[in-house]
Every structure is written in C-alpha cells, then in structure tokens.
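Trainee: take this sequence and fold it.
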Amino acid sequence: MSEAVSVAPTHAPSMGAFERYLTLWVALCIVAGIVLGQVLPVVFHTLGKVTVAHINLPIAVLVWLMIVPMLLKIDLAALGQVKRHWRGIAATVGINWLVKPFSMALLGWLFLGLLFRPYLPANMIEGYRAGLILLAAAPCTAMVFVWSNLVEGEPHFTLSQVALNDVIMVFAFAPLVALLLGLSSITVPWATLIVSVVLYIVVPVIVAQLWRRSLLAQGGQATLSRALRALAPMSLSALLMTLVLLFGLQGQQIMRQPAVIAMLAVPIIIQVYFNAGLAYAVNRRLGVGWCVAGPSALIGASNFFELAVATAIALFGFQSGAALSTVVGVLVEVPVMLSVVQLVRRSRRWYERGAA
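Mentor: This is a model prediction of the structure:
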C-alpha cells in the first residue's frame, strides 16, 4: 500500500520572498566570500584556526543557528511513527552505502583518470581521486536538516535517518574507504566523528527539545508556531553567512588554481545529481510520500565534508591532492544542494502522480 496518502499534504509548499530569491543571495554570498577572503585574509585565517578535531567552531555555531529552529518542529514522542517510512529509509540507506561511494569511485576514474588527466599534475591525480572517495563514503550529518526543511520534509524521518546513518558510519566508513582506496586499513579520525555527532545532533536535539517544552508550556502550539515563524529568517541568514565564511576561508585556494578546482568539481556535481535523482526515483517507484522522498534524495546526495577533510589530512597530509578534493566538496556542497532542493520542490506534482 502506498505511503503517499498519509504522509504528505496535497497543497504545494509555499516559499517566502526571501526563499524565492535564495539562488541570488547564494551567488552574492559566494562572490562576497571570495572577495573578503582576498581583502581580509588575516581575519579568515584566524577564524579558520578556531577548530576542535578538525571541526571549525564558527561554522559549527552557524550550523546550530540553522538547525535548532528546525529541530524545534520535532516531537520526540512521535519518532515511533517513523517505522511507517521504512521504504524511504531502505532507499536512503541503499543509496548512501551501496551506490554513492562506488559511483564516485567510477566518476573519479572516468574524469580524473581519463578525461582530465592531461590537464592535471600527474603526481596528484591519485590523491584527487582518493579525496573524492572519502567525500562520498560518509553521508552528511548536519546540513541535511536545512535541506529537509527547505523541501518541507518530514522532520522525524530526517532525524531518524541521520541518526541511523551515523550508527552505520561508525562500522562501515573505515572498511568501505579501505576497500575503495586499496588500503589494508585506514586511520579514522574518531574525534572528528564523535565531536561532530555530539555538536550537530546530540546537543542541538537536547537544546531544541528543552526550548520546545518551554514554548509549549508558555502558550501551547500557538506560541511554538509564532517562534518558528520568527526564527525562519535566522536559519536562512545563518546559511548564507556559512557560505561567506566557507568561500572566504578557501578564496585564496580558488584564485590560485581555479582550473583544478573546476575540474575536481565536475565529478562531485554529477555525483550529487545522480544519487539525488536515483534516490528520488526509487522512492517514487516504492510509493513513498513526497515529504519523505524529498529529504531521502537530499540525504542520499549530500556529504559529511568535515569527516572527509579530516580523514584526507590524516591519511595524506594537509597539502595533498586528497585534501584539496575534499575542500572542493565543501565549496560545492551548499550551492549544488540548494539547486537539488529547487528541483525537488518543482517536481512535486510529477512525483505524486507516480507515487500515489
């Protein structure tokens, strides 16, 4: 029996004026980040050094500002209903762990090993490919809450899927990367993995639930709804500030070797669209509701770039091709995922005609 009847409202999701022009704001923030990175390099270098276990704390604060309002929507008592969405969970897990790392390895071989090989430094190619594999081997932990919110995804499904992926990652990341890189073993930066889960899931969920209970105690659902409406601009503003900071931190790298950055971005971008489209199509075939299929596609396509960068540095060094590839993943992540959000939103009617 199809899930589409019970999990998604039939009206099209509405977007505010700020959200409708989000692509423009994103483009302006990318340009502003690159320019500011050139004009104020000391400021961005200082911000870039504020890290714990390879996780940048200023970015972590901005991610908190993005995801805590979204986690306010979640009623932990309703998480038991997620078992209704087992098809969406199965589709997402399959894409994340059985398709995405292998498709990225194939794309890395095709583009870096064949098509772009004459234009890349010969001694860096294997490192670049290793970075792409590291990028694809772990699904995103934090930003998927933002993408899910922008497509009005089912928040309980998103939280459950992210938590499940984190559990799988503890056991599967190291052997999967070792297999694809042809290594006997790899050194997993466990501190990065653990700190990230605590920073981006455990603490925000606790803060959001305490805040939610306080708002409900003060004035019930009406007070909670008013707070969510008031916080919505803060979440998107934090997203844009994250873009400025990311591109400011890497602006010199972009200006120094733009051709290499562009070539490394090609397989990453193709991988995002391929895996998002595949997850979306599989969910549609299984009759999964659009509000679950949307976040499923986005989780299936996004990457845990903090872990990828930390692992690349631990395995190959800070100046390696692998480290550069993972940094390109950071730069590509937000603008490309926002374009996937737009595609998911615009295709809703098409999706529901096939999933019903």
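Trainee: list the helices and strands the longest helix seen in the chain packs on?
Mentor: Ranked by residue count, the top helix of the chain under DSSP state H comes out as helix 203-249. Helices and strands touching helix 203-249, as assessed by 3 or more CB pairs under 8 Å, 6 or more residues apart in numbering; DSSP states H and E, comprise helix 17-20, helix 22-39, helix 41-48, helix 57-71, helix 144-150, helix 321-346. Backbone N, C-alpha and C define where each C-beta goes, glycine included.
Trainee: any idea of the angle it forms with helix 321-346?
Mentor: 110 degrees (axes from the mean of the first three to the mean of the last three CA atoms, to 10 degrees).
Trainee: quick one: helix 203-249 to helix 22-39, angle?
Mentor: 60 degrees.
Trainee: what residues does the following helix or strand past helix 203-249 touch?
Mentor: Going down the chain from helix 203-249, the next helix or strand is helix 251-256, by DSSP states H and E. Contacting residues not belonging to helix 251-256 are listed as 33-38, 41, 44, 247, 261, 324, 327, 331 [CB atoms under 8 Å, 6 or more residues apart in numbering].
Trainee: please redo it, this time with the cut-off set to 10 Å
Mentor: Helix 251-256 is contacted from outside by 30, 33-41, 44-45, 247, 260-262, 324, 327-328, 331, using CB atoms under 10 Å, 6 or more residues apart in numbering.
Trainee: buried ones in that helix?
Mentor: 251, 253-254 (16 or more other CB atoms under 10 Å).
Trainee: quick one, strands of the stretch 51-200 of the chain?
Mentor: 51-52, 55-56 (DSSP state E, counting those that start in this stretch).
Trainee: now tabulate the ones you listed in a markdown table and tack on mean pLDDT.
Mentor: A markdown table is the format used below for these (pLDDT from 0 to 100):
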| stretch | mean pLDDT |
| --- | --- |
| strand 51-52 | 89 |
| strand 55-56 | 88 |
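Trainee: among these, which is the most enclosed?
Mentor: strand 55-56 (a mean of 20; mean count of other CB atoms under 10 Å).
Trainee: so Ala75 makes contact with His156?
Mentor: You called it Ala, but residue 75 is Asp. Yes: the pair Asp75 / His156 is scored as a contact, 7.7 Å apart, by CB atoms under 10 Å.
Trainee: before we move on, the earlier item: between the strands of the stretch 51-200 of the chain, which one is nearest to Leu236?
Mentor: Counting by CB to CB, Leu236 lies closest to strand 55-56 out of the strands of the stretch 51-200 of the chain; the figure is 20.1 Å.
Trainee: hang on, the earlier thing: okay, angle between the longest helix of the chain and helix 41-48 too, please.
Mentor: 150 degrees.
Trainee: mind giving me the ChimeraX command for buried ones among the contacts of helix 251-256?
Mentor: Entered in ChimeraX, the line below selects the buried ones among the contacts of helix 251-256, by 16+ other CB under 10 Å:
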select :30,33,34,36,37,44,247,260,261,324,327,328,331
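Trainee: from Val344, how far out is Lys49?
Mentor: Counting by CB to CB, to the nearest Å, the gap from Lys49 to Val344 is 37 Å.
Trainee: which residues does the residue nearest to Pro335 when sequence neighbours are not counted contact?
Mentor: Nearest non-adjacent residue to Pro335, counting by CB to CB, 6 or more residues apart in numbering: Val26, 5.4 Å away. Residues in contact with Val26 (CB under 10 Å, 6+ apart) are 239-240, 243, 334-335, 338-339.
Trainee: mind checking pLDDT for Val26?
Mentor: Listed pLDDT for Val26 reads 86.
Trainee: same question, Ala105
Mentor: 94.
Trainee: what do you get for Val205?
Mentor: 90.
Trainee: before we move on, the earlier item: shared neighbours, Asp75 and His156?
Mentor: In contact with both Asp75 and His156: Gln81, using CB under 10 Å, 6+ apart.
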